[in-house]
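[1] Turn this into a structure:
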Amino acid sequence: MLDLSRIDCLGDALRDALLTFKSNVALYEADRQRETGRFSYQELRREAERVATRLQEAGVEPGDRCAILMSNQARWVMSSLAVFWAGAILVPLDYKLTAKEQLALLAHAKPKLLITEYGIWRSLLRAEPEDVSVNPAARSSPPGSAARGSRIGPLGAPAEGKTAVLGPAAVSGKSGPLADLFVLVTEARPNDALHGAARWEEPARAEFRYTARRRSDVATIVYSSGTGGTPKGCMLTHENYLEQAQTLGRMYTMEPDDVYFSVLPTNHAIDFVVGTILPFFFGAAVAHQRTLRSEYLADTMKRYRVTHTALVPRILKNLRERIEEQLDDRPEWQRSALSALSQLNDVATLSTPRPWLSRSLLKPIHDRFGGRLRLIFAGGAFVDPELADYFYRLGLPVVIGYGLTEACVVLTLNDLHPFRSDTVGRPISGVELEVRDPDREGVGEVYARSKTLMRGYFNAPELSREALVDGWLRTGDLGLIDASGHLKLLGRARNMIVTEGGKNIYPEDIEAAFDGVACEELCVFAERFIWRERELRGESLCVVARVAGDASAAHTLHAIRSANLKLADFKRVSSYCLLDEEFPRTASYKIKREQLAARVRELIAGPTPLSKD
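    The predicted structure is shown next:
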């Protein structure tokens, strides 16, 4: 049984694991149908120690913040271990955000050091030419001359016989978030101009010094995926992670020959806990796929005979489509036989999963995924019960859970005894749930308390006080607890949506994209925040606008549509409402969102899709 009660910090726990399982494979890395890397636990430890030493050479001290901005790959994991072993605080950032959004988060977090990919580094440098400008000397440096770094100033090759010191990137600009920032870039080619950054792959020159932390110290600052206008960085402690890992590790143990497939971005709180920390504690391997197109996922799962993975509903839907496409290509008698066998499997596994039986009955389908897939953790967004039922009938149990980054990921889980697709499970060990201010049907806002709750939002005391009330976390979700202790989620108590891809979208953060739209006032809402429904599927955003006196409704809609197209797909508004009266505002001229939503609800029966007039 996994026991982390005497461990002081994540660094200690991970270091012990890497020493214990030194000969096991720790990481696989694939790109499309080609393996690009494989590392044992011993090799992983050596690389992490090298990078940790480079951080220390750069002046990183215990408690300093170090950001990682990379796609899923082995270097992400190596770098995160290095941050912990140097005693620093990890700030994982989403590589799928725009460069402007990433710069905003860097400006808020103010890390001492950034580890990123060369392509992302170039995008950051191009994103804000007014505020961030590369030192001209950096552009004229000999190729590779900045590989070992230098202090602020003209970049040139180190004098012969001198040892270069990793220093801040040579970026000028008074307010630029890249100024005075140490930067390590991965995968830069030999002749690439580094613009003041240093190569991640360079060897260290000093000796590695491991730095331990206390359980109460902050381990990470994890930003919500929807953060843009108002950064919300959850400060999670070493105790948060150790408590979460111990509970989940006891519920769903792994074996040293198991393989976890890391599909969600590693900066995602779920994947970091379930897909990095937990497998290492059991000596299992983690497989990364650089290309996350659905046609390559199944191939990777088959190649490495994956046993565990965590997916969001959108990816589950894609896998289902692939399965059904392949079944459609089979003769009618084979489709009928597989349908009958899946029904038989459903009956045989009613009380508990029986992997050996499911693999025997439905061998062609299981072989497509490597023949060893035991568990699919699903969360980060609403999971359609019908979708979960579909996979369970195939003998591929979907463990539905519920949690928030603010709670170090998981609050409830379905333990599969028996499988239920209509709830998000019971509270896990150490978690208390309360449904406050319930209505006649028992539905109210869900509050949670546990040792895994964040310390608060970084540099946001007011937001922290709103989220943490007397030791309880306000989840902002509406739900009820049934007679068996299972939590059912039924809606949102706050103006936020969660996409099928697991992205938290705060409508307040979308409004900046509509600056300059021809209207007097504009506000973005989650549709179900205005028109309350006991339903979580098909969540979307709606823009409410007051047309300017000298503008037509058609002109305003055209401007809204144009601005909307510039947003990332998952952030786009899908409907609109037009008002001809002033929005209610506070004394400080902030929009009273609750009152505005109530007024819209009173005047308008429902939103109009943006694709129609």
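[2] mind listing the strands for the stretch 451-600 of the chain?
    456-457, 468-469, 472-481, 487-492, 497-498, 504-505, 519-526, 541-547, 575-579 (DSSP state E, counting those that start in this stretch).
[3] quick one: which of those is nearest residue 426?
    strand 487-492 (7.3 Å; CB to CB). (C-beta placed from N, C-alpha, C; glycine too.)
[4] where does the stretch 151-300 of the chain have low pLDDT?
    151-167, 169-175, 225-229, 292, 294 (pLDDT under 70).
[5] Quick one: the strands in it, in order.
    Under DSSP E, counting those that start in this stretch, the stretch 151-300 of the chain gives strands at 171-172, 182-186, 198-199, 218-223, 233-237, 259-262, 285-289.
[6] returning to that earlier point: let's have the strands of the stretch 451-600 of the chain in TSV, adding mean neighbour count.
    Shown next, in TSV, are the strands of the stretch 451-600 of the chain (neighbours: other CB atoms under 10 Å):
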stretch	mean neighbour count
strand 456-457	22
strand 468-469	14
strand 472-481	20
strand 487-492	19
strand 497-498	24
strand 504-505	22
strand 519-526	21
strand 541-547	23
strand 575-579	19
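[7] before we move on, back to that, minimum distance to residue 352: which of the strands of the stretch 151-300 of the chain has it?
    Evaluated over the strands of the stretch 151-300 of the chain, closeness to residue 352 peaks at strand 259-262, with 22.0 Å, by CB to CB.
[8] Off-centre distance for that closest one?
    16 Å (CA atoms, centre = their mean, to the nearest Å).
[9] what residues does that strand touch?
    28, 72, 254, 271, 274-276, 278-279, 284-289, 297, 300-301, 304-309, 372 (CB atoms under 8 Å, 6 or more residues apart in numbering).
[10] before we move on, back to that, tell me which of the strands of the stretch 151-300 of the chain approaches residue 524 most closely.
    Nearest to residue 524 among these is strand 218-223 (19.7 Å), distances taken as CB to CB.
[11] Identify the residues contacting the residue nearest to residue 62 when sequence neighbours are not counted.
    Computed as CB to CB, 6 or more residues apart in numbering, the closest residue to residue 62 that is not its neighbour in sequence is residue 87, at 3.4 Å. Contacts for residue 87 (CB under 8 Å, 6+ apart) come out as 11, 61-63, 211-213.
[12] Can you report how many residues lie near residue 19?
    Burial measure for residue 19: 11 neighbouring residues, criterion other CB atoms under 10 Å.
[13] Ignore what I typed, I meant residue 440.
    5.
[14] Could you double-check that residue 18 lies in contact with residue 47?
    No. In this structure, residue 18 is not within contact of residue 47 by CB atoms under 8 Å, at 10.5 Å.
[15] More neighbours: which of these two?
    Set residue 18 next to residue 47 and count neighbours by other CB under 10 Å: residue 18 wins out with 23 against 20.
[16] Would you indicate which residues of the strand or helix carrying the more buried one are buried?
    If you go by DSSP states H and E, residue 18 is part of helix 10-20. Within helix 10-20, the residues that count as buried by 16 or more other CB atoms under 10 Å are 10-15, 17-18.
[17] now stretch 256-264
    Buried residues in stretch 256-264 (16+ other CB under 10 Å): 258-264.
[18] about what we covered before: what separation do you get for the residue nearest to residue 62 and residue 8?
    12 Å (CB to CB, to the nearest Å).
[19] Need the overlap of contacts for these two.
    With CB under 8 Å, 6+ apart, residue 87 and residue 8 have common neighbours 212-213.
[20] what's the closest residue to residue 245 other than its chain neighbours in contact with, if anything?
    Once flanking residues are discounted, residue 245 sits nearest to residue 277: 5.3 Å by CB to CB, 6+ apart. Taking CB under 8 Å, 6+ apart, we find residue 277 in contact with 10, 13-14, 241, 245.
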